[in-house]
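no letters, just coordinates:
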C-alpha cells in the first residue's frame, strides 16, 4: 500500500565516530549468595522429597549433603532471579569420598504442571560436576525433558567417555578437600546469545554455538535455553557432599548487543544526505527515532551527532526521481504524504525531549500545520493519507492524533493542540477502524467504510496516542482501550512461541519490515504507563529472540523474522529490531547491562 523512495547504492558508508561513549561499568558483579543463609534461593523437588533437608548454608558456603541418604530423586536449589545472557563465577569444593553428581543448571525452569515429568522437573542445560571423573567438569548435559543427553559433546544419551570429549576436557584437574579443607575449584560460565563457554580451574572446557539446540522447538515450548534460572543440582539417588561459595554474576546482554546493532546500522548511514541507504524517506524518520530512544535509555551519547547532522541535511532535501515521480524538493519535511510528515514530526519531538533544543519542537509544529490542512469533512472528518486522494488511512490519522497530543503536552499553546487531538479521536473512534477484536483496520475507503489488513504498526501508534490522551484528560477509558488493543495484537499477531510476526505480505517490502518495530516502540510506551507484566514479558521475549535467533550467525545484522531464520540485511530491518531492543532497554527492570543485579 505504501510507496518507497529507495536510496539504493552498492556503496556502504562507514565513518569514524566523533563522539565519546559513556560506557557502562563492565566490572560490576552481583553476589547470588549472601554467605549467611539461603535467602533468594528455593529448594525444588518431587513431592516425596519435600521434607528432606539436603541444602543448607554453612560456614560461608552453600552445602549439599546427602551422605548416607541416597533414597531421593533429583533435588535442586534454584535462585529466584531470571537471567538471559550473563557471566557467572563461583567456587566449588568436592571430595573423593563423595561419588555423587552435581552441577550448575542455567537458563532453566522448574515445571510443576500436571504434565511435568515425575511430578516436577527442572528443564534446562547443566554444567556438569562429577567428582569421580574430572573430565566431565564443565561439559554440558541437557536436563530438558525430552532431550536428556549431552549436548557438549554431542552424545545420544547420558553416556560419555574419555574418547568422546574434547582434548581440553581431559586437561581438567580437580582439587579435593578430603585432606585439605582449603581446596576449592573455580568455575566460570559465559552465555551470550547461543555462544556458551565454560572454564574450570582456568582450563577452557566448553566453547560452542548452541544455535538450533537450546533455541529449538522443544526448548521454546518449555521456555528454557535462552532465559531462565541459575540452579544447583543434586542428582537422583546419589550420596553427595559438595559446597559452593563466592557465587557472583554479571549480565552482559542487551545494551551491548543493542549498541552493536546500532553500530551495524550506521554502515548504511550517509553523512552527506543525513539518510540511510537501503531504506526510504519516512523510514529514515523511524531509524532516527530509534537512535534517539537508545540515547535517552542508555545515556550513551555516541550517536547524538547523527541527530544534528540529519536535521541539518534533511530540512531541505532533493527527493530523487522514482518510478513515475519526478525529482522534487522537500522543505521542512512537507511532501504529499501526511503520514511521512507525521513520522518526521514525531522524530523531532523526540529530539526535543532528548536535547531540550527548541528548534526541534518548532519544526514539529510547522509540520503539524501542514498535516492539519489534510482534514476535511468527508466521512465525518479525518485527514487524508495523500494529498489529492480521498483515502483516509489509519496510520496518517493515528500519527496526527499522537502529534497533537504530544504538542499539547509540551507547547504553551496547549488548548489549541488538545482541541485538535480531541477532534481527531472523536472522529477516529467512530469510524469502525477499531473492530471488535479490537484491532485497527488499515483505513477508511472512499465509501467511508473501514476495512483493510491489520498491520502491526497500526496497532502500535494508537497505543501511544491513547496514553497521551489520558495524560491530557485523565480518562481511564483511553488506557483500558489501549491495553485491549495491545493484548489483541499480542494474541493474534504472534508466533506460538510469543514472538511478534507481521502480516505475511508486509514482510516482503522495504516499508513493511519496519512495521513490527513501530509496534514494539509504542507498546513499550504503554507499558511505562500500565506496568502490565504481560507487556513487559512480551517486550523482553522479543528482544531476546532477536538476539538469539533473529540475527545472522556471527554478525550483528538482523533480519525481518525475529524468531529466525535470518533472511537479509538492510537499514529497515535493522532499525525495526532496534526499536524492539530499545523498548526492552528503557523499561523498568529490563536494563540488561553489565551492571549490578539487585539480588
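Looks like it arrived, so ask away. For clarity, every value in this text was computed on a predicted model and none was experimentally measured.

residue 573 in helix, strand or coil?
For residue 573, the secondary-structure state derived from DSSP: H, G, I helix; E, B strand; the rest coil is helix.

my guess is residue 342 meets residue 397, correct?
No: using CB atoms under 8 Å, residue 342 makes no contact with residue 397, being 9.2 Å away. To be clear about C-beta, it is placed using only N, CA and C from the backbone, and glycine gets the same treatment.

anything in contact with each of the two?
The contact sets of residue 342 and residue 397 do not overlap (CB atoms under 8 Å, 6 or more residues apart in numbering).

more crowded one of the two?
The neighbour comparison of residue 342 against residue 397 (other CB atoms under 10 Å) goes to residue 397, with 33 against 28.

just list what the one helix or strand the more buried one maps to packs against, helices and strands only.
Element membership for residue 397 (DSSP states H and E) is helix 394-408. Helices and strands touching helix 394-408, by 3 or more CB pairs under 8 Å, 6 or more residues apart in numbering; DSSP states H and E, are helix 338-355, helix 358-372, helix 414-428, helix 456-473.

for residue 385, give me its contacts.
Shown in contact with residue 385 (CB under 8 Å, 6+ apart): 337, 338, 339, 391, 392, 393, 395, 396, 443.

give me the buried subset of those.
Buried members of the contacts of residue 385, counted by 16 or more other CB atoms under 10 Å: 337, 338, 339, 392, 393, 395, 396, 443.

how many residues are close by the spatially closest residue to residue 410 that is not a sequence neighbour?
Counting by CB to CB, 6 or more residues apart in numbering, residue 410 lies nearest to residue 361, which is 6.3 Å off, once chain neighbours are set aside. Residue crowding around residue 361 was assessed by other CB under 10 Å; the count is 20.

ok, residue 563 to residue 495 distance?
Using CB to CB, to the nearest Å, we find residue 563 at a distance of 6 Å from residue 495.

quickly list what's touching both of those two.
Common neighbours of residue 563 and residue 495, using CB under 8 Å, 6+ apart, are residue 501.

higher neighbour count, the two?
Applying other CB under 10 Å to residue 563 and residue 495 shows that residue 563 carries more neighbours, namely 20 against 13.

could I get the pLDDT score of the more buried one?
The score at residue 563 is 88. That number is its pLDDT.

that one and residue 268, how far apart?
Residue 563 is 24 Å from residue 268, by CB to CB.

I'd like the helices and strands packed on helix 394-408 as CSV, with distance to residue 36 and mean pLDDT appended.
Converted to CSV, the helices and strands packed on helix 394-408 look like this (distance: least, CB to CB, whole Å; pLDDT from 0 to 100):
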stretch, distance to residue 36, mean pLDDT
helix 338-355, 44, 97
helix 358-372, 53, 98
helix 414-428, 55, 98
helix 456-473, 44, 97
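
residue 198: which of the ones you listed is closest?
With CB to CB as the measure, helix 456-473 is the member of these nearest residue 198 (39.3 Å).

got the buried residues for the closest one?
For helix 456-473, the neighbour count (16+ other CB under 10 Å) marks 456-470, 472 as buried.

returning to that earlier point: now the helices and strands packed on helix 394-408 in TSV, with distance to residue 327?
Below are these laid out as TSV (distance: least, CB to CB, whole Å):
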stretch	distance to residue 327
helix 338-355	17
helix 358-372	21
helix 414-428	33
helix 456-473	28
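
among these, which is nearest residue 283?
Closest among the helices and strands packed on helix 394-408, using CB to CB: helix 338-355, at 8.2 Å.

same for the closest one, what does it pack against?
helix 281-298, helix 304-314, helix 358-372, helix 394-408.

can you rerun that using 6 Å?
helix 281-298, helix 358-372, helix 394-408 (3 or more CB pairs under 6 Å, 6 or more residues apart in numbering; DSSP states H and E).

so which of those is the most surrounded?
Highest mean neighbour count among the helices and strands packed on helix 338-355 (mean count of other CB atoms under 10 Å): helix 394-408, with a mean of 27.

and residue 236, what is it in contact with?
73, 74 (CB atoms under 6 Å, 6 or more residues apart in numbering).

re the thing from before, what sits up against the helix holding residue 397?
338-339, 342, 345-346, 349, 368, 371, 382-383, 385, 414, 417-418, 420-421, 424-425, 428, 433, 440, 442-443, 458, 461-462, 464-465, 468-469, 472.

now the strands for the stretch 451-599 of the chain?
Along the stretch 451-599 of the chain, no segments are classed as strands by DSSP state E, counting those that start in this stretch.

ranges for the helices of it?
Under the criterion DSSP state H, counting those that start in this stretch, the stretch 451-599 of the chain contains helices at 456-473, 476-492, 515-530, 533-545, 571-585.

residue 215 is nearest to which of these?
Closest to residue 215 of the helices of the stretch 451-599 of the chain is helix 533-545 (CB to CB; 8.4 Å).

I'd say residue 188 and residue 89 touch.
Yes: the pair formed by residue 188 and residue 89 meets the contact definition of CB atoms under 6 Å, at 5.2 Å.

tell me which residues of stretch 204-215 come out buried.
204, 205, 206, 208, 210, 211, 213, 214, 215.

export those residues to a markdown table and tack on pLDDT?
Putting these into a markdown table (pLDDT from 0 to 100) gives the following:
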| residue | pLDDT |
| --- | --- |
| 204 | 96 |
| 205 | 97 |
| 206 | 96 |
| 208 | 90 |
| 210 | 90 |
| 211 | 84 |
| 213 | 93 |
| 214 | 92 |
| 215 | 85 |
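
using CSV, lay out those together with secondary structure and distance to residue 573.
Below are the buried residues of stretch 204-215 laid out as CSV (DSSP: H, G, I helix; E, B strand; the rest coil; distance: CB to CB, whole Å):
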residue, secondary structure, distance to residue 573
204, strand, 35
205, strand, 36
206, strand, 32
208, strand, 28
210, coil, 24
211, coil, 19
213, coil, 25
214, coil, 24
215, coil, 20
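
lovely, talk soon.
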